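Undergrad: quick one, structure for this:
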Amino acid sequence: MVDIPVIFSAPMVRALLDGRKTQTRRLASSPLAKALPDDRLWVRETSMPAIDAGGGDFRYAADYDTAGYRRMADLHKWTPAIHMVRRASRLTQVVTEVRFERLQDISEADAMAEGITSEEVIVGAHCAGGVHTEVTATRYFYDGCAEEGFESAVDAYAALWDHLHGAGSWDKNPELVALTFTVHQVNIDRMPAAEVAA
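TA: The predicted structure is shown next:
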């Protein structure tokens, strides 16, 4: 069993906390390509030391909306995820499956497991709540919502991939590693042995 750090953005951390994200895909050149079942990943996310006495030793960007994030930044500097120390991590993932595949091989179910959400919405509705028609349909979103949404979870994931890796990255269809995992809301060094074995 090996412990490997892994970086997630605030929206993806929220998906992990909500139980919506149980997979991640990384380029085949990533250190995660060496992961095996039962290896543990400790999540690195944007954080800061606690500046008050209550609620633990750290604050996490994923727990704040935009206004709260800025308000906290006025009090103390946020630490980028790449610099998070192991003891600050609050999420541990235990790898259950490792697959190597091309990016565009992702299925609808896998895209949903990446944290893509589906909602019954008004077609033409925007994030701010504007409504353009009364016809309803299932739409798919990443990062909460994206204009009118997408017709499939795969389309939403393709847009997310391009957002993270640059325009046109989806079309390149690179080889990658797809990890499936269980999420444990506990620091990796405080994880009970029973949970590791589960």
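
Undergrad: give me the low-pLDDT residue ranges for this protein?
TA: In the predicted model of the chain, residues 52-56, 121-136, 144-148, 193-198 satisfy pLDDT under 70.

Undergrad: could you pull out the strands in it for me?
TA: Taking DSSP state E to define them, one finds strands in the chain at 3-7, 23-27, 40-44, 47-49, 58-60, 92-102, 117-122, 136-141, 175-184.

Undergrad: look up how far Lys172 lies from Ala111.
TA: Look at Ala111 and Lys172: by Cβ to Cβ, to the nearest Å, they are 18 Å apart. In this view, the C-beta of every residue, glycine as well, is placed from N, C-alpha and C.

Undergrad: out of the strands of the chain, which gets nearest to His163?
TA: For His163, the closest of the strands of the chain is strand 136-141, at 12.4 Å, according to Cβ to Cβ.

Undergrad: show the residue spans covered by the helices in the chain.
TA: Assigned by DSSP state H, the chain shows helices spanning 10-18, 66-75, 108-113, 153-165, 169-172, 193-197.

Undergrad: only the buried residues of the third one, if you could.
TA: Buried residues in helix 108-113, counting neighbours by 16 or more other Cβ atoms under 10 Å, are found at Asp110, Ala111, Met112, Ala113.

Undergrad: could the residues you listed go into CSV alongside distance to Tyr64?
TA: Formatted as CSV, the buried residues of helix 108-113 follow (distance: Cβ to Cβ, whole Å):
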residue, distance to Tyr64
Asp110, 29
Ala111, 27
Met112, 26
Ala113, 26
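
Undergrad: ok, these vs Ile51, which is closest?
TA: Distance ranking of the buried residues of helix 108-113 against Ile51, using Cβ to Cβ, places Ala113 first at 35.7 Å.

Undergrad: residue contacts, the closest one?
TA: Contact analysis of Ala113 by Cβ atoms under 8 Å, 6 or more residues apart in numbering lists Lys21, Thr22, Gln23, Thr180.

Undergrad: can I get the residues you listed in CSV including neighbour count and distance to Val6?
TA: Converted to CSV, the contacts of Ala113 look like this (neighbours: other Cβ atoms under 10 Å; distance: Cβ to Cβ, whole Å):
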residue, neighbour count, distance to Val6
Lys21, 22, 12
Thr22, 20, 14
Gln23, 19, 12
Thr180, 16, 13
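
Undergrad: thinking again about what came up before, what's the closest of the strands of the chain to Leu17?
TA: Nearest of those (Cβ to Cβ): strand 175-184, 8.1 Å.

Undergrad: coming back round to it: now for the contacts of Ala113: which two are most distant?
TA: Farthest pair in the contacts of Ala113, by Cβ to Cβ: Lys21 and Thr180, 10.6 Å.

Undergrad: flag every buried residue along stretch 39-52.
TA: Asp39, Arg40, Leu41, Trp42, Val43, Arg44, Glu45, Thr46, Ser47, Met48.

Undergrad: what's the answer for stretch 8-19, then?
TA: Neighbour count says stretch 8-19 has Phe8, Ser9, Ala10, Met12, Val13, Arg14, Ala15, Leu16, Leu17 buried, by 16+ other Cβ under 10 Å.
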